[in-house]
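1. structural data only, the sequence is not supplied:
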C-alpha cells in the first residue's frame, strides 16, 4: 500500500459492530467483564481503548513500524522514553532542539541522575566521540527546532548499533510523509501529534512507534503505569487529521518553498533557515532522507534587533502569532521569548537562537496572501 493510501486506510477497517467507516469514539472509562479477567480485549481505558488502538495502528502503518503508542502529549511520549533509563545513564542529545524537550531533560531528569550531553550533530563523528560505557540513548531531532538543522539518521543509526545504544528520532517537523526514521535504522520514532499529524490545532498528543517487541512492551508498561494516555476524543480527531496528511504536507512544502525564496531575496533579511535551500549546510543530507523539505522555516533580520523582530510578528495578519506549529493555518513565533525561553540566553545565542530569530509554520493558504502579509509586516 502506497503512503497516500495509508493515510486513509492504513491499519484501519470498518467497525465490526455496525460497519462505521470512522472508528467510533469509545467514551468510556471501563469495560464489562463476563467473569474476572473475561473481557473482549479491553478492561480499563488507561490500559487500552478501541479508539486509541485504531489510532496506534494508523501510526504504525505510516511509519512502517510494528508497535505504536499514543500519549497525552509529545512531552509525555519523550518522558516515557527517558524512563527507560536509570541513574548514571547518559544521553547524547541534539543541541538545537525544542525548548520543552531541553527543559524536560535538564530540569527533571538531570535531578534523577541522568547525564545529558548536548552536541552539534552536523558531524556524526562528534556523536561517537561522546559515547562511553554509560551511554544508553542518542536523542536526535531532525529537522531541528527552530534552526532546521538536518541530522543524518542512517549514519547516526550505524554508530548507535555499533555501540549497542538506542537511537530515538523526534520526527515532528518532517512527519512520516517526508521521512521514516525506522526505515533508516532508528529504534524509536517520536511525534508531537499535536502538530502535523493532527493538523488542525485542536488537540494535544504524542506518539511513539517502534519495531522491537521487548522495547514496545517496556514502553507500554511505562505508559500504563504512569497514565500518560490520550483520550478517545483526541484519538478520533487525530485519525481524522491523518486522513489528509499527504495533501496537507504537499501544500505546506510548496508554500514554504515560495516563502523561503521570497525571504532569501528580501533586502531586510539576514539569514533564512530552510533545508530546501541549496545554501543550507545539510541540504544534500536532507535530499537523501526526506521526500521534500517541510513547511517550517526560520529567519533573522539584518539588524539582528529584538524590537524589530517583535514588531514584525505583531504586525502579521494572515500569519497568527501563537505557540505550536503544523496546523493548516500559518503561524509565527519568536523562539527566544516563546518556545525556547527555557533555554538559558547564553546557550541560545551560542546555538544561533538569537533575539531576532522568527520561526514560521507555513500553512496551506494561498501563497500570494502569505507573501503579501510578510511584505507588509517586514516593510
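-> Great, that's in hand. The structure displayed is predicted, hence computed values, not measured ones.

2. quick one: contacts of the least confident helix or strand in the chain by mean pLDDT?
-> Ranked by mean pLDDT, DSSP states H and E, the weakest helix or strand in the chain is helix 345-351, scoring a mean of 86. Contacts with helix 345-351, where a contact means CB atoms under 8 Å, 6 or more residues apart in numbering, come from 95-96, 147, 335-336, 340, 343, 354. Where C-beta positions appear, they are placed from N, C-alpha and C, glycine not excepted.

3. 10 Å - rerun?
-> By CB atoms under 10 Å, 6 or more residues apart in numbering, the surrounding residues in contact with helix 345-351 are 95-97, 99, 102, 106, 118, 120, 144, 146-147, 149, 335-336, 340-344, 353-355, 357.

4. how far off centre is it?
-> 22 Å (CA atoms, centre = their mean, to the nearest Å).

5. please apply the same query to stretch 33-41.
-> That offset, for stretch 33-41, works out to 37 Å (CA atoms, centre = their mean).

6. so what pLDDT did residue 269 get?
-> On pLDDT, residue 269 comes in at 97.

7. show me what contacts it?
-> Residue 269 touches 262-263, 299-302, 358, 374, 378, counting by CB under 10 Å, 6+ apart.

8. which of these sits closest to residue 186?
-> Checking the contacts of residue 269 against residue 186 by CB to CB gives residue 299 as the nearest, at 29.5 Å.

9. name the element the closest one belongs to?
-> Taking DSSP states H and E as the definition, residue 299 sits inside strand 296-301.

10. paired strands for that strand, with orientation please.
-> strand 269-273 (antiparallel), strand 358-361 (antiparallel) (DSSP bridges).

11. deepest-packed of those strands, please.
-> strand 358-361 (a mean of 26; mean count of other CB atoms under 10 Å).

12. where do the strands sit along the stretch 51-200 of the chain?
-> Here the stretch 51-200 of the chain has its strands, by DSSP state E, counting those that start in this stretch, at 67-71, 90-94, 115-119, 135-141, 166-170, 188-192.

13. could you list the domains of the protein?
-> In terms of domains, the chain is parsed into 3-242, 245-378 (source: automatic domain parsing).

14. longest helix anywhere in this structure?
-> helix 245-264 (DSSP state H).

15. run through the neighbouring helices and strands of it.
-> Here helix 245-264 touches helix 3-9, helix 50-62, helix 175-178, strand 269-273, strand 296-301, strand 358-361, helix 367-378, going by 3 or more CB pairs under 10 Å, 6 or more residues apart in numbering; DSSP states H and E.

16. for residue 258, which of the ones you listed is the nearest?
-> helix 367-378 (4.6 Å).

17. list the buried residues in the closest one.
-> 367, 370-371, 373-374, 377-378 (16 or more other CB atoms under 10 Å).

18. and it, how far from the chain's centre?
-> Offset of helix 367-378 from its chain centre (CA atoms, centre = their mean): 27 Å.

19. got the angle for that helix vs helix 245-264?
-> Helix 367-378 runs at 40 degrees relative to helix 245-264, counting by axes from the mean of the first three to the mean of the last three CA atoms, to 10 degrees.

20. which residues does helix 367-378 contact?
-> Contacts for helix 367-378 (CB under 10 Å, 6+ apart): 251, 254-259, 261-263, 266-269, 299, 301, 308, 311-319, 330, 332, 358, 360, 362-366.

21. hmm, back to that, tell me which of the helices and strands packed on helix 245-264 sits nearest to residue 200.
-> When these are compared (using CB to CB), the closest one is strand 358-361, at 12.8 Å.

22. give me the mean pLDDT for that closest one.
-> pLDDT averaged over strand 358-361 gives 98.

23. cool, and stretch 27-39?
-> 94.

24. show me which residues of that stretch are buried.
-> residue 31.

25. can you list contacts of that stretch?
-> 40-51, 231-233, 236.

26. circling back to that earlier point, among the strands of the stretch 51-200 of the chain, which comes closest to residue 16?
-> Nearest to residue 16, of the strands of the stretch 51-200 of the chain and by CB to CB, is strand 67-71 at 20.2 Å.

27. starting at the chain centroid, how far to the closest one?
-> 14 Å.

28. how about the nearest residue to the residue nearest the centre of the chain, chain neighbours excluded?
-> The chain has residue 172 as the residue nearest its centroid, 1.8 Å off, counting by CA atoms, centre = their mean. Using CB to CB, 6 or more residues apart in numbering and skipping the chain neighbours, the partner closest in space to residue 172 is residue 192 (4.6 Å).

29. what's near enough to touch the one you found?
-> 71, 73-78, 98, 100-101, 145, 170-173, 198, 204-207, 324-326.

30. check residue 361 too.
-> So residue 361 contacts 173, 195-196, 201, 252, 256, 294-297, 319-320, 322, 324-327, 329-333 (CB under 10 Å, 6+ apart).

31. show me what it is bridged to.
-> Note on residue 361: beta-bridge partners residue 296, residue 331, judged by DSSP bridges.

32. coming back round to it: which among the contacts of residue 361 end up buried?
-> Buried, going by 16+ other CB under 10 Å: 173, 195-196, 201, 252, 256, 294-297, 319-320, 325-327, 330-333, out of the contacts of residue 361.

33. from residue 358, how far off is the nearest residue to residue 291 once chain neighbours are set aside?
-> Of all residues not flanking residue 291 in the chain, residue 178 sits nearest, at 4.9 Å (CB to CB, 6+ apart). As defined by CB to CB, to the nearest Å, residue 178 lies at a distance of 22 Å from residue 358.
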